[in-house]
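**Student:** When you get a sec, could you give me coordinates for this:
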Amino acid sequence: MATLAKTQARAKKGSVSPWIAWTSLPLLAVVWIALASRVPAYVLPQPWDVAKEALRWWQDGSLPKHMGSSLLREVMGFGLAAVLAVSLGAAMGLSQRLRAFMRPLNSLFMSIPPIAWTPLTILFLGLGDASMVAVIVVAALFPMALTVQEGVQSIRGGEVRAARTLGANPQQLLRYVYLPACLPFVTAALRIGFSQAWRALVAAEMIGASQGIGWMVSTGGQIGNGSQVLLGIVLIGLIAWLTESLVFSRLESHYSHWRGQ
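**Tutor:** Numbering: from 1, shown residues only. Down below sits the predicted model:
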């Protein structure tokens, strides 16, 4: 009991208060205000100027339209990439020949910046959602597939043989062996894929779209509207943060019981 009490005391002493996470954003705001007070407003506007810009865009209906366009493209492209990546990653994890075949293709596609595909997809698919979705798929597919492959390869043959020896049927093998081993890797793959897809989409919209958050940033820079540029940047970061907090963190906590946590 004494040892347990000492261990808990050390853990409590070494733990970090969750409130410390909320100090970084106010500090960033203070730095932003301080810097904006020293430069012209068209270079770095104050946060309240960006808020006024957001209100103006919201009242005329432009902000929901551009946010909706970007989110729809992201959902379509990321969803398609996730389905393809899980299938391809599982197949690569199970087949050594397929892994060898895909190895140079994985290296090739992952070394090319997604934005480089934008002009080509526009030539093939034209301006619009189809070309943006294609860029997202290319950007997210291979990183996700490789992560899923690692998850499948992490499954030890001894665990499968032991489950079969105890009389496990295929459904029980999937439920108690394969899923617990792969779920952390699948969630990690989705995290990576969403981040890659979101960045690729914003970059592609800055080049080949007529609406969307990336278009907002690009157009704001062209007309010298710093408030519009920063509004787009804030939206990009806010959407990514909310997705991480409300989706992927909850997914991770949901499957933690599979691993006995």
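
**Student:** List the contacts of Leu141.
**Tutor:** Ala81, Leu84, Ala85, Leu88, Phe109, Gly193 (Cβ atoms under 8 Å, 6 or more residues apart in numbering). Yep, even glycine has a C-beta here, placed from its N, CA and C like the rest.

**Student:** With adjacent residues omitted, what lies nearest to Asp49?
**Tutor:** Distance criterion Cβ to Cβ, 6 or more residues apart in numbering; nearest residue to Asp49, sequence neighbours excluded, is Ser227 at 5.0 Å.

**Student:** Oh, that last question was meant for Ser210, not what I typed.
**Tutor:** Leu127 (6.8 Å).

**Student:** Give me the neighbour count for that neighbour.
**Tutor:** Leu127: 12 surrounding residues under other Cβ atoms under 10 Å.

**Student:** One more: Asp49?
**Tutor:** 16.

**Student:** what kind of secondary structure is it in?
**Tutor:** Assigned with DSSP: H, G, I helix; E, B strand; the rest coil, Asp49 falls in the helix class.

**Student:** would you list every one of the helices in the stretch 151-261 of the chain?
**Tutor:** Secondary structure of the stretch 151-261 of the chain (DSSP state H, counting those that start in this stretch): helices located at 157-165, 170-173, 179-208, 213-223, 226-243, 249-255.

**Student:** Reformat those helices into a markdown table and put distance to Phe101 next to each item.
**Tutor:** Listed next are the helices of the stretch 151-261 of the chain as a markdown table, based on distance: least, Cβ to Cβ, whole Å:
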| stretch | distance to Phe101 |
| --- | --- |
| helix 157-165 | 23 |
| helix 170-173 | 27 |
| helix 179-208 | 20 |
| helix 213-223 | 35 |
| helix 226-243 | 33 |
| helix 249-255 | 31 |
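
**Student:** residue contacts, the residue nearest to Asp49?
**Tutor:** Contact analysis of Ser227 by Cβ under 8 Å, 6+ apart lists Pro45, Asp49, Val50, Lys52, Glu53, Gly220.

**Student:** State the pair within the residues you listed that is farthest apart.
**Tutor:** Farthest pair in these (Cβ to Cβ) is Lys52 and Gly220. Separation: 14.2 Å.
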